[in-house]
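Novice: Could you look at this predicted model? Sequence included:
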Amino acid sequence: SNFTWWPWNIIYFVSYEHGRNTAAIAYGLGPGNKSELPPWVSSGCATAAAVAATIATNPIDLAKTRLQTLRVDTHGAASTASTAAAAVTTQATGATTA
């Protein structure tokens, strides 16, 4: 559903618009003249915003996916926090020992 994408979208659009405002000021155009920026500057802002949004939301998405694919066992229900902690421990340990 679209509800799962709203954190990414909020971070993306806020970052993108802030980046374009900053670039417009750096080019001496002022924040109201973003439409006069070269296309490659807008593309760079879009790329940076997408990277920022992905880095910010990936851990939450990973925990959600792990919870959705979790096998039920006799230890009871898992929480988002415990699943995220287990994922960080497992993946961080595997990354450092491999």
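Specialist: Arrived safely.

Novice: for the chain, which spans come out with low pLDDT?
Specialist: 1-4, 71-84, 86-88, 90-98 (pLDDT under 70).

Novice: Could you rerun that using 90?
Specialist: Applying pLDDT under 90 to the chain picks out residues 1-8, 22, 25-38, 56-98.

Novice: For the helix ranked longest in it, buried residues please.
Specialist: For the chain, the helix that runs over the most residues, judged by DSSP state H, is helix 39-68. Going by neighbour count (16 or more other C-beta atoms under 10 Å), the buried part of helix 39-68 is 41, 42, 45, 49, 52, 53, 57, 63, 66. C-beta coordinates here come from the backbone N, C-alpha and C atoms, glycine included.

Novice: ok, and what's touching stretch 32-52?
Specialist: For stretch 32-52, contacts defined as C-beta atoms under 8 Å, 6 or more residues apart in numbering pick out 11, 12, 13, 15, 16, 19, 20, 21, 23, 24, 27, 29.
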